[in-house]
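# output the structure for:
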Amino acid sequence: MKRKYTIAPIAGARVGSNVRWTFVLSFFFAVFGLAFAKTSIAQCDTIATICNRHITTDYISDGQQYRALLLDEEVAEFHATFYGGSTYRVAACSGLSDGSLIFRLYDEDRNLLFTNRDYDNSPYWDFEINSTLDVIIEAQLDPISLSSGCAVMLIGFKQY
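Now for the predicted structure:
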């Protein structure tokens, strides 16, 4: 025997109005989200172009652009492998001027190897690597300079 179920609206509710309202809100947030994403991507593209000037002709880019949209004290984390016998340059940028991004380099056991904070937030630093090393790179906006923005890290290795 088949059972019949009927779905009845809640007493006093206007049928269809909630569906339309939900659709309108969903559409609004989708359009707003796409516009925000497009602006964020464009901002990161500009910063990546500015940051690329630190990867000079002596260095070859690893082909990656490490990017993160940061707010306040958020920290982005990136992973990379530095191969022994090479010299690497890490460039870190946020905003339209140098020195707005703090970066820290850790080994895989989270031992701090370097921070640019000790060097006036230098926008890049060169590392001579003796043996292959997996590294964790953290990036954070300097709260004195920026409260939000796109963080871009570029890595290049020296050509001999």
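# and the helices in the chain?
17-51 (DSSP state H).
# tell me, what residue is most central in it?
Centroid-nearest residue in the chain: A68, 0.9 Å away (criterion: C-alpha atoms, centre = their mean).
# so it touches A139, yeah?
Yes. Between A68 and A139 a contact is recorded at 6.6 Å, counting by C-beta atoms under 8 Å. For the C-beta atoms, the positions are set from N, CA and C on the backbone; glycine is no exception.
# which neighbours do these two have in common?
Contact criterion C-beta atoms under 8 Å, 6 or more residues apart in numbering; residues shared by A68 and A139: 76, 151.
# just to revisit the earlier point, ok, the residue nearest to the centre of the chain - contacts?
A68 sits next to 74, 76, 139, 150-151 when contact means C-beta under 8 Å, 6+ apart.
# save those as a markdown table, and put in neighbour count and pLDDT too.
Formatted as a markdown table, these follow (neighbours: other C-beta atoms under 10 Å; pLDDT from 0 to 100):
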| residue | neighbour count | pLDDT |
| --- | --- | --- |
| E74 | 13 | 94 |
| A76 | 20 | 95 |
| A139 | 25 | 95 |
| C150 | 24 | 91 |
| A151 | 29 | 92 |
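# low-confidence ranges in this protein?
For the chain, the stretches flagged by pLDDT under 70 are 1-43.
# where do the strands of it begin and end?
59-61, 66-71, 75-82, 86-93, 101-107, 112-115, 124-129, 133-141, 148-158 (DSSP state E).
# buried set for stretch 153-160?
Residues 153-157 are the ones in stretch 153-160 that count as buried (16 or more other C-beta atoms under 10 Å).
# stretch 77-88: which residues count as buried?
Neighbour-count burial for stretch 77-88, counted by 16+ other C-beta under 10 Å, picks out 78, 80, 82, 87-88.
# likewise for stretch 100-120?
Those would be 100-106, 114, 116, for stretch 100-120 by 16+ other C-beta under 10 Å.
# grab the nearest non-local neighbour of N52.
With C-beta to C-beta, 6 or more residues apart in numbering as the criterion, N52 has its nearest non-adjacent residue at 6.4 Å, and that residue is L154.
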